[in-house]
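Student: pasting a predicted model and its sequence here:
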Amino acid sequence: MTTLDPPSPARRLSAENRREQILEAASALFIEKGFEAVGMNDIARALQTSRPTVYGYFTSTEDMLRALLAGRLPAMWERLRPLLPTSGEFHAGTFSALFLALLHERELLLLLHSGGGPIFREQRADFLRQLQEWTTPYRRAEARQPQTLHLITLLLEAAAVEAVRGEQSEAEALAQAQTIGQFIAGGVAGLSSEIQLS
């Protein structure tokens with residue numbers, strides 16, 4: 001017969017761990033219910049803690065959102081950086097790889113689309129601007145037109161958001177990535193032909 005170890009006393013979380021726990025709960029609630037529908041009470045309830053505890057770390061849900069995005073966006077850009085070609089040319093495979101990498105950023109994409117207020121419009125615009133800036137130096141001259149870059153980044157982001165909202169199998173995601181890569185590369189090649197014909 002074995003004896004069970006006595007339960008360990010509840011440990012207090014460090015300030016950093018508690019802060020991260022609050023951010024994780026906030027992120028999950030923002031994605032599930034929509035940012036505007038979540039209040040400090042909801043976050044405290046989800047954590048089974050008091051509102052003053054939550055307020056001790058953040059003054060508002062907007063502060064939480066800013067902290068979430070400030071912590072997660074730079075890490076995402078670092079994960080995407082190796083996908084950018086060093087040869088100066090994008091190919092269908094590059095766009096496919098970027099799309100698949102965005103699919104792995106499910107929580108961040110859903111968080112960016114969990115609200116419609118000014119903070120979200122600003123953050124989504126910054127996200128698209130950054131994606132466009134990152135890809136600009138690698139594009140052929142004909143694809144560097146601002147409207148072309150903007151359309152490409154919108155397509156990548158919108159398709160990725162739609163994919164992470166649905167339940168896609170890995171095979172479906174791979175097929176969609178290949179289609180998107182070919183579609184974008186074909187469009188850029190079409191622009192090249194158009195420019196040569198002019």
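Tutor: That came through fine.

Student: how about the helices in the protein?
Tutor: 15-33, 40-47, 51-55, 61-80, 92-103, 106-112, 118-135, 146-165, 170-197 (DSSP state H).

Student: what is the shortest one packed up against?
Tutor: If you count contacts as 3 or more CB pairs under 8 Å, 6 or more residues apart in numbering; DSSP states H and E, helix 51-55 packs onto helix 40-47. In short, each C-beta sits where N, CA and C put it, glycine included.

Student: redo the helices of the chain as TSV? Include mean pLDDT and mean neighbour count.
Tutor: Listed next are those as TSV, based on pLDDT from 0 to 100; neighbours: other CB atoms under 10 Å:
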stretch	mean pLDDT	mean neighbour count
helix 15-33	95	17
helix 40-47	96	17
helix 51-55	96	14
helix 61-80	92	16
helix 92-103	87	20
helix 106-112	92	19
helix 118-135	84	15
helix 146-165	85	16
helix 170-197	75	15
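
Student: OK, contacts around Met76?
Tutor: Each residue near Met76 by CB atoms under 8 Å, 6 or more residues apart in numbering is listed here: 105, 108.

Student: which non-adjacent residue is nearest Gln176?
Tutor: Ala163 (6.3 Å; CB to CB, 6 or more residues apart in numbering).

Student: ok, now how distant is the nearest residue to Lys33 once chain neighbours are set aside from Phe35?
Tutor: Distances taken as CB to CB, 6+ apart place Asp42 nearest to Lys33, at 7.5 Å, with adjacent residues excluded. To Phe35, Asp42 is 11 Å away according to CB to CB, to the nearest Å.

Student: what does Leu128 give?
Tutor: From Leu128 to Phe35 the distance is 19 Å (CB to CB).

Student: outline the domain layout of the chain.
Tutor: 12-59, 69-197 (automatic domain parsing).
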